[in-house]
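Engineer: Requesting a structural model of the entry that follows:
(one chain, ligands or ions: 1)
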Amino acid sequence: MKKHNFSAGPSILPREVIEKTAQAVLDFNESGLSILEISHRSKGFEAVIAEARDLFKELLNIPEGYSVLFLGGGASMQFCMIPFNFFENKAAYLNTGVWANKAMKEAKGFGEVVEVASSKEAVYNYIPKGYTIPSDADYFHITTNNTIYGTEILTDMDSPVPLIADMSSDIFSRPLDVSKYSMIYGGAQKNLAPAGVTFVIVKDEMLGKVSRYIPTMLNYKTHIADGSMFNTPPVLPIYSALETLRWLKANGGLVEMEKRNIAKAELLYNAIDNSKMFVGTANKEDRSRMNVCFVMKPEYKELEASFLKFATEAGMDGIKGHRSVGGFRASIYNAMPIESVQALIDCMHEFEKQN
Ligand SMILES: *Cc1c(COP(=O)(O)O)cnc(C)c1O
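Structural biologist: As a prediction, this is how the structure comes out:
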């Protein structure tokens with residue numbers, strides 16, 4: 001039976017990326033060696049990381065004056081690296097969910113943290129608006145896509161202070177105006193590569209301004225100086241990331257990705273909005289194009305477990321919602337074909353007919 005992978009993360013990758021990664025594990029560039037057993041300082045791997053860096057710059061149209069890094073530690077490591085490198089007196093955070101909170105928690109160890117707004121009281125089902133960002137903050141931190149709650153900030157906002165964005169789950173889903181951000185980062189395992197590598201895009205002029213000692217491994221300058229090779233980088237996930245970046249380029253880049261992502265999200269949200277049984281959980285104007293969260297209407301609530309079983313038996317994998325929202329979550333990242341979204345909708349219709 002065909003499986004449709006709606007997992008939130010690690011999540012679906014283009015089949016081609018998985019096959020090319022498998023090939024590189026068996027025989028990297030017809031070298032007779034596996035990518036798993038060659039030096040990260042070999043010519044072959046140097047070319048991989050250089051091309052990955054170049055494709056980041058090309059696909060995202062990154063202006064001069066920014067560095068692209070491939071690090072370990074996950075997005076979660078960035079929650080502390082950010083304050084280590086940028087926090088002097090005060091930092092501002094937008095509280096849009098679990099990941100935003102985890103980022104904020106680390107910053108609190110460094111000084112005054114201003115939570116400019118929060119949607120906690122509504123289980124984070126919307127993106128707060130109309131807040132004021134303190135003009136004396138060292139930076140303002142946002143989470144552009146809230147993977148758990150299915151809300152997303154789809155515009156590149158203006159900020160009076162340096163803007164830092166966790167884009168773990170929506171990087172490469174649309175064209176960005178990188179010049180609006182001082183830093184963009186994320187774990188690769190949602191929309192780019194297998195787990196193990198974290199990407200960081202950082203504006204060089206932001207660095208070297210804090211007065212504290214920054215541990216060597218946590219200092220962005222270390223990794224910029226050594227081209228992400230200060231220590232052994234996560235070689236295999238970087239290789240897969242390169243294959244995804246090549247795939248993105250060959251498939252029309254981010255303009256085309258955005259078009260596809262809008263089409264997929266509209267198809268699924270329309271089906272949910274027109275359903276007698278299902279209802280979306282996120283505020284309509286803040287709906288994520290990556291993670292579609294929905295539950296059963298109160299009168300059908302007791303059917304949730306049986307729909308999950310029904311859908312799973314029909315090949316829909318990973319649609320169980322996060323425990324804090326309940327119901328269902330269909331993650332429809334770049335690699336998800338629209339045919340799989342339609343398969344989920346057909347499955348929902350069939351279940352409605354039978355019940
Ligand atoms: C998954 C996720 C994280 C955590 O990433 P790790 O690489 O596991 O640390 C952080 N932020 C967002 C928005 C996520 O979706």
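
Engineer: from what I can see residue 66 touches residue 205, true?
Structural biologist: No: the pair residue 66 / residue 205 is not scored as a contact, 9.6 Å apart, by CB atoms under 8 Å. Glycine gets a C-beta too; all of them are placed from N, C-alpha and C.

Engineer: ok, those two, which is more surrounded?
Structural biologist: A direct count of neighbours by other CB atoms under 10 Å for residue 66 and residue 205 places residue 66 higher, at 22 against 11.

Engineer: OK, contacts around that one?
Structural biologist: Shown in contact with residue 66 (CB atoms under 8 Å, 6 or more residues apart in numbering): 57, 178, 201, 202, 203, 204.

Engineer: Can you tell me which of the residues you listed has the most neighbours?
Structural biologist: Counting neighbours by other CB under 10 Å, the top entry in these is residue 202, with 26 neighbours.

Engineer: about what we covered before: in strands only, show me the contacts of residue 66.
Structural biologist: 201, 202, 203 (DSSP state E).

Engineer: quick one, what contacts the first one?
Structural biologist: Spelled out, it's residue 201. Contact partners of residue 201, counting by CB under 8 Å, 6+ apart, are 56, 60, 62, 66, 67, 68, 69, 178, 181, 183, 184, 185.

Engineer: Just list whatever residues bridge to it.
Structural biologist: residue 68, residue 184 (DSSP bridges).

Engineer: Residue 214 versus that one, what's the distance?
Structural biologist: Shown here: residue 201 relative to residue 214, a distance of 19 Å by CB to CB, to the nearest Å.

Engineer: Ok, the second one next?
Structural biologist: Shown here: residue 202 relative to residue 214, a distance of 13 Å by CB to CB.

Engineer: swap in residue 295?
Structural biologist: In terms of CB to CB, residue 295 sits 44 Å off from residue 214.

Engineer: and the two? which has more neighbours close in?
Structural biologist: More neighbours surround residue 295 than the other of residue 295 and residue 214, with 20 against 16 (other CB under 10 Å).

Engineer: Now do the SS call for the more buried one.
Structural biologist: Secondary structure assignment for residue 295 (DSSP: H, G, I helix; E, B strand; the rest coil): strand.

Engineer: Residue 317: how many residues sit nearby?
Structural biologist: By other CB under 10 Å, 13 other residues sit near residue 317.

Engineer: for it, what are its contacts?
Structural biologist: So residue 317 contacts 3, 4, 5, 6, 7 (CB under 8 Å, 6+ apart).

Engineer: Ok, residue 75 next?
Structural biologist: 99, 166, 168, 185, 186, 187, 198.

Engineer: which among these are in contact with the ligand?
Structural biologist: Subset of the contacts of residue 75 in contact with the ligand: 99, 166, 168, 187, counting by CB under 6 Å from any ligand atom.

Engineer: Would you mind giving me the ChimeraX syntax to select the buried ones in those?
Structural biologist: Command for ChimeraX that selects the buried part of these, burial taken from 16 or more other CB atoms under 10 Å:
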select :99,166,168,187
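
Engineer: Among the ones next to the ligand among the contacts of residue 75, which lie within helices?
Structural biologist: With DSSP state H as the criterion, helices contain residue 99 from among the ones next to the ligand among the contacts of residue 75.

Engineer: Can you add pLDDT and give the ones next to the ligand among the contacts of residue 75 back as TSV?
Structural biologist: Formatted as TSV, these follow (pLDDT from 0 to 100):
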residue	pLDDT
99	98
166	98
168	98
187	98
